[in-house]
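K.L.:
kindly generate the corresponding structure for this input.
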Amino acid sequence: MSWFDLKGRDLIAETDWSKEEYDIAMKVTDQMKGLYYSGKEHPYLKYKTFAMLFFAGSTRTRMSFEAGMTQLGGNAQFISSNTLRLSIEDKPGAGETVADTAKAMARFCDGLGIRLLDDQVDYYGHGDLVIRKFAECAEVPVINMASDINHPCQSLTDIHTMHEKLGHVKGKKIVVSWAYSPWVRGRCSMQGTALISAMYGMDVVVANPPEFDLDPKVMQECKEIAAGSGGSFEVVHDMDKALDGATVVFPRNWYTGKRYDIGKEEELKIAERYKDWCYTAARQKKLCDPGYLLQCMPIDRGYEVESEVCDNSLSWIYDQAENRLHTQKAIMALTMGGRL
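P.N.:
Sure, this is the predicted structure:
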């Protein structure tokens, strides 16, 4: 394969691209970051437009894509779904179909990003289905800016950050751990980072209370990918056991598999049984080796993670947040045909 093969490609799930293709994206990320800090102009996507369709709110995603497209010489156009006549139900009378919207938008832009999360859909997997429908109909590359299943832009950022900080990640232990929060949060970031970490041969441990298992299909993919990469994968239901010897820890809340059947109030009642699932400074010091903090933000300080852990020398959260800018510039430049 060549770098040119990524031109026109969609990126919806982590498994849509191979490890070799992510390697290319990380090389370009390094180039983008070097240009950013050297102050050299790099208008690889001059006069091109990246349309961003947001069904869900955002801080880092919107800012990093907009800033990135500006630095690449093009334009990122923010579009809120509530300003459209679009219906994701795809039935007569509900509004314009996804297919019609996608085909029309593709006439105006060179790439399309979509962010469609859990509170905007009726069942788990619905957001992913809608994004794939856009990709099927739009004749430009479609980038998943976070769905209810996957978050490949965040995942690429996370593996790039770990490479940047650790040098080589193969054989390093990463713990993706459920953590208590009075927010009911989605699964995409943790599932995506578990997938891409397995792809790079890391020893991946997913830790959660029994009620909070992640998507079984995704967990099976992690297991199979780890077996082929020389890494390992396991799921445990004891936070302290999981943290033992961890190089990197990604603690975050996520909902149960019954989220759309029982509703948010019941989700919170179940979560309250596990308020002790917090990544504390004591756990970091006692159990981890050394337990660098990886967290996609926003962090629920004091619940998911103690503030001391967020702010100490083992925290990567702000470097990780910055890297969204550089990795997404690489994704856009490669998929939208920039000449590097």
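
K.L.:
now the helices for the protein?
P.N.:
Ranges of helices within the chain are 19-38, 60-71, 98-106, 126-137, 152-166, 188-199, 216-229, 239-243, 259-271, 281-287, 307-311, 317-335, based on DSSP state H.

K.L.:
mind giving me the packing neighbours of the last one?
P.N.:
Packed against helix 317-335 by the contact rule (3 or more Cβ pairs under 8 Å, 6 or more residues apart in numbering; DSSP states H and E) you find helix 19-38, helix 60-71, strand 142-144, helix 152-166. Where you see a C-beta, it was placed from the backbone N, CA and C, and this is true even at glycine.

K.L.:
okay if I get the helices of the chain as a markdown table plus mean neighbour count, mean pLDDT and distance to Ala179?
P.N.:
Output for these, formatted as a markdown table (neighbours: other Cβ atoms under 10 Å; pLDDT from 0 to 100; distance: least, Cβ to Cβ, whole Å):
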| stretch | mean neighbour count | mean pLDDT | distance to Ala179 |
| --- | --- | --- | --- |
| helix 19-38 | 16 | 97 | 27 |
| helix 60-71 | 20 | 98 | 19 |
| helix 98-106 | 18 | 96 | 34 |
| helix 126-137 | 21 | 97 | 23 |
| helix 152-166 | 23 | 98 | 16 |
| helix 188-199 | 27 | 98 | 10 |
| helix 216-229 | 17 | 98 | 18 |
| helix 239-243 | 19 | 98 | 8 |
| helix 259-271 | 14 | 97 | 10 |
| helix 281-287 | 16 | 98 | 11 |
| helix 307-311 | 17 | 98 | 11 |
| helix 317-335 | 23 | 98 | 14 |
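
K.L.:
in TSV, list those along with distance to Ser2.
P.N.:
Below are the helices of the chain laid out as TSV (distance: least, Cβ to Cβ, whole Å):
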stretch	distance to Ser2
helix 19-38	9
helix 60-71	23
helix 98-106	25
helix 126-137	22
helix 152-166	19
helix 188-199	20
helix 216-229	23
helix 239-243	40
helix 259-271	42
helix 281-287	43
helix 307-311	41
helix 317-335	11
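
K.L.:
ok, which of those helices comes nearest Val175?
P.N.:
Nearest to Val175, of all those, is helix 239-243, at 5.0 Å by Cβ to Cβ.

K.L.:
other SSEs contacting that closest one?
P.N.:
Looks like helix 239-243 contacts strand 173-178, strand 203-207, helix 281-287 (3+ Cβ pairs under 8 Å, 6+ apart).

K.L.:
name the nearest residue to Pro210, sequence neighbours excluded.
P.N.:
With Cβ to Cβ, 6 or more residues apart in numbering as the criterion, Pro210 has its nearest non-adjacent residue at 5.4 Å, and that residue is His237.

K.L.:
ugh, wrong one, I meant Gly192
P.N.:
Ser155 (3.7 Å).

K.L.:
thought Leu195 was touching the one you found, still the case?
P.N.:
Yes - the criterion here is Cβ atoms under 8 Å, and Ser155 meets it with Leu195 at 6.7 Å.

K.L.:
any common contacting residues for these two?
P.N.:
Glu14 (Cβ atoms under 8 Å, 6 or more residues apart in numbering).

K.L.:
spatially, what comes nearest to Phe209 if we skip its sequence neighbours?
P.N.:
One thing to correct before we go on: residue 209 is Pro, not Phe. Nearest non-adjacent residue to Pro209 (Cβ to Cβ, 6+ apart): Tyr274, at 4.8 Å.

K.L.:
check contacts around that neighbour.
P.N.:
Trp178, Tyr180, Pro209, Phe212.

K.L.:
just among the residues you listed, which is most surrounded?
P.N.:
In terms of neighbours by other Cβ atoms under 10 Å, the contacts of Tyr274 top out with Trp178 at 28 neighbours.

K.L.:
before we move on, back to that, distance of the residue nearest to Pro210 from Gln31?
P.N.:
42 Å (Cβ to Cβ, to the nearest Å).
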